[in-house]
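Chemist: Here is a sequence with its predicted model. Questions after.
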Amino acid sequence: MNYWLVKSEPAKYSWDTFEKEGYTFWDGVRNYQARNNLNAMREGDLVLFYHSNEGKAVIGIAKIIKEAYPDPTTMEKGWVVVDLVPEQRLEKPVTLQQIKADKRLENIGLLRQTQLSVMALKPEEFDIIVSLGSN
């Protein structure tokens, strides 16, 4: 199993909307590295859902239910989406400040590649963030 983090501005697509809909395809990615990450996602992989710009926190855990296929929102070839479902909301959001303050997370992609919207996580990074979101 692989672990990932995806970023979304809550004003554009929030965790609340995701939970309400119960499913989404992750579209609009127009960065080659992020696209490569979408292509590497496998059914069953777990994904942390991060609110960017407003909130700046990991809100919940999603699961990949369908691997990469052509992005239906564009006519441009080569761009892909994956299908996600919400697994669980974290008991409490894990803020960017908490992540920055935790030495165990100093090399996480969220801090090194701040503009990347889809990134891989090491299993231990995923586990640390999930534990920070537990009471």
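Modeler: Structure received. Numbering: from 1, shown residues only.
Chemist: Show me the residue at the heart of the protein, geometrically.
Modeler: Central residue of the chain (C-alpha atoms, centre = their mean): V6, 2.0 Å from the mean position.
Chemist: mind listing the helices in the protein by residue range?
Modeler: 15-21, 32-40, 96-101, 109-112, 123-132 (DSSP state H).
Chemist: Need the mean per-residue confidence for stretch 50-58.
Modeler: Mean per-residue pLDDT for stretch 50-58: 95.
Chemist: Ok, which of the helices of the chain comes nearest V47?
Modeler: helix 123-132 (9.2 Å; C-beta to C-beta). For the C-beta atoms, the positions are set from N, CA and C on the backbone; glycine is no exception.
Chemist: got the buried residues for that closest one?
Modeler: 125-126, 128-130, 132 (16 or more other C-beta atoms under 10 Å).
Chemist: quick one: least confident helix or strand in this protein?
Modeler: When each helix and strand of the chain is scored by mean pLDDT, DSSP states H and E, helix 109-112 comes last, with a mean of 94.
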